[in-house]
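**Q** predicted model and sequence follow; I will ask about them next.
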Amino acid sequence: MHSAFQYNQYLLHRQVLALTGRFRIYNPARELVLFSQQKMFKLKEDIRVYTDERMTDELLFIKARQIIDFSAAYDVIDSQTGEKIGAWRRKGFRSMVRDEWELLDSRDSPLGILYEDNMAQALLRRFLLGSLLPQNYDIISFEQRVADLRQRFNLFRYELNLDFSMDLSQRLDRRMGIAAAILLGTIEGRQD
């Protein structure tokens with residue numbers, strides 16, 4: 001596995017003024033370790049993750065299974081081996097009020113869940129405060145919290161802290177955690 005996936009903490013920035021979703025992902029020393037960009041003019045989501053902004057070394061791609069799907073599923077594939085690592089499937093109606101995603105393994109068996117912090121704050125975000133109230137997500141796998149994805153308050157750009165430090169046995173593949181953060185940033189970008 002590439003060294004970019006070795007860290008327990010990352011910071012994701014979403015570029016505000018771009019035709020497509022662009023994400024820069026930094027390690028704890030604030031060094032750029034990953035760059036992501038959606039493919040333009042695609043009917044299905046097609047998000048690529050590279051080692052840097054030159055986009056010469058692709059590590060992952062995240063691809064929607066269908067064009068329009070209320071309970072969308074996104075496969076996460078290792079670009080270097082072509083192997084499907086797993087998938088994230090959005091929980092349709094549940095995600096309307098409070099974001100909820102299902103973590104699936106490479107055979108689509110459930111491994112865990114990603115959910116927004118609490119119902120009251122989720123409702124406040126959607127109907128009153130919008131992006132003024134930052135989002136917080138937890139990823140649970142086998143009844144253990146393995147990641148915390150916490151949005152930072154920033155009026156000018158989307159920032160998300162990724163913390164995997166509680167996952168001592170590394171149950172969550174970091175590639176899946178990073179893919180989740182990019183998907184959340186992509187969906188949040190559409191909602192803004």
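**A** That came through fine.
**Q** can you count the residues close to residue 82?
**A** Using other CB atoms under 10 Å, residue 82 has 8 other residues around it. For the C-beta atoms, the positions are set from N, CA and C on the backbone; glycine is no exception.
**Q** I misspoke; the intended subject was residue 58.
**A** For residue 58, using other CB under 10 Å, the count is 13.
**Q** and it, what does it touch?
**A** Residues counted as contacts of residue 58 (CB atoms under 8 Å, 6 or more residues apart in numbering) are 48, 49, 50, 79, 80.
**Q** try residue 79
**A** Contacts of residue 79 by CB under 8 Å, 6+ apart are 48, 49, 58, 59, 60, 61.
**Q** out of those, which are buried?
**A** Neighbour counting with 16 or more other CB atoms under 10 Å marks 48, 49, 59, 60, 61 as buried within the contacts of residue 79.
**Q** quick check: bridge partners of the last one?
**A** Pointing back at residue 61 there. residue 48, residue 77 (DSSP bridges).
**Q** how many other residues sit next to residue 154?
**A** That count, for residue 154 with other CB under 10 Å as the rule, works out to 12.
**Q** returning to that earlier point: what is the nearest of the contacts of residue 79 to residue 86?
**A** Nearest to residue 86, judged by CB to CB, of the contacts of residue 79 is residue 60 at 11.1 Å.
**Q** between the buried ones among the contacts of residue 79, which is closest to residue 4?
**A** residue 59 (6.8 Å).
**Q** was I right about that closest one contacting residue 51?
**A** Yes - counting by CB atoms under 8 Å, residue 59 touches residue 51, with 6.3 Å between them.
**Q** all the helices of the chain, in order from the start?
**A** With DSSP state H as the criterion, the chain has helices at 94-97, 119-124, 174-191.
**Q** what does the pLDDT read for the residue nearest to residue 157 when sequence neighbours are not counted?
**A** Nearest residue to residue 157, sequence neighbours excluded (CB to CB, 6 or more residues apart in numbering): residue 16, at 5.2 Å. pLDDT for residue 16: 70.
**Q** how much space between residue 16 and residue 187?
**A** Going from residue 16 to residue 187 by CB to CB, to the nearest Å gives 16 Å.
**Q** okay, the two: which has more neighbours?
**A** residue 187 (16 against 12).
**Q** quick one: mean pLDDT over stretch 87-105.
**A** Across stretch 87-105, pLDDT averages out at 80.
**Q** circling back: between the buried ones among the contacts of residue 79, which is nearest residue 111?
**A** Closest to residue 111, out of all of the buried ones among the contacts of residue 79 and judged by CB to CB, is residue 60, at 17.4 Å.
**Q** quickly run through the sheet partners of the longest strand anywhere in the chain, with directions.
**A** Counting by DSSP state E, the longest strand found in the chain is strand 144-152. Strand 144-152 pairs in its sheet with strand 136-141 (antiparallel), strand 158-163 (antiparallel), by DSSP bridges.
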